[in-house]
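# Output the structure for:
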Amino acid sequence: MNTPEIQIIDPLEIEAESFRIIEAELGQTAFSPEQFAVVRRCIHATGDFSFAETMRFHTDAVEAGLRAVRSGRNILVDVNMAASGISKQLLARFGGRVVCRAGDAEAAAMAAARRITRSEAAAELAAGENIGIAVIGNAPTALLKIMELMERGLFAPDLVIGVPVGFVNAAESKAILASKPYPFITALGRKGGTPVAVAAVNALLRLA
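Here you go, the predicted structure:
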């Protein structure tokens, strides 16, 4: 068995070289340059080129996300892992912050009282916190709750990034999101997850 050849690359050049490889392997795509920046970072975060085939963007998605960031609006996430991964340094330049209520005692109490998931309760509690981008990478129930609140006029983020991973309602919730008239970014099918959600947000922050 041959030993793989290891490339020696300056640490500061690793991301740029990764992006070059992704671009070379993908070739031409139908994405706009701004959309491609999001897709490329999602592929970079996962090593999975299938996101170039499954990611879907509302026509105004990137513009809406950039407007939310530049306006200093906050970013809602469904799990603390996502909160940890988003570049708070970049977000803080515009005055926004990351909001995650999943660990709150209030969310736990609401979930128990109403027999809903904690992620649903957390999304509902955070709806009034000047949320510009709602980001779901883990919990389909939270994505469904966000869409329900928006339909009822109780939540108005500029952009919904819905990429939950899994086998129960993940693909279904994303298919519903992809049919909505408001700005969204999603990845059809079962694949997704917090790394994809974080990568999409960080791509928008860098574009901003």
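# Can you list the residue ranges for strands in this protein?
In the chain, the segments counted as strands under DSSP state E are 55-57, 74-77, 98-99, 131-136, 159-162, 184-187.
# Grab the nearest non-local neighbour of Thr194.
Gly137 (4.0 Å; C-beta to C-beta, 6 or more residues apart in numbering). Using the backbone N, CA and C atoms, a C-beta is placed for each residue, glycine as well.
# my guess is the one you found meets Ala170, correct?
No - applying C-beta atoms under 8 Å as the test, Gly137 and Ala170 come out as separate, 10.3 Å apart.
# The two: who's more crowded?
Remark: of Gly137 and Ala170, Gly137 carries more neighbours, 28 against 24, as counted by other C-beta atoms under 10 Å.
# which residues in the chain form helices?
Per DSSP state H, the chain carries helices over the ranges 14-26, 33-46, 51-54, 61-70, 80-85, 88-92, 105-114, 118-126, 140-151, 170-177, 194-207.
# Between Gly137 and Ala170, which contacts overlap?
Common neighbours of Gly137 and Ala170 are listed as Pro164, Gly192 (criterion: C-beta atoms under 8 Å, 6 or more residues apart in numbering).
# So, low pLDDT: which residues of the chain?
1-2, 4-12 (pLDDT under 70).
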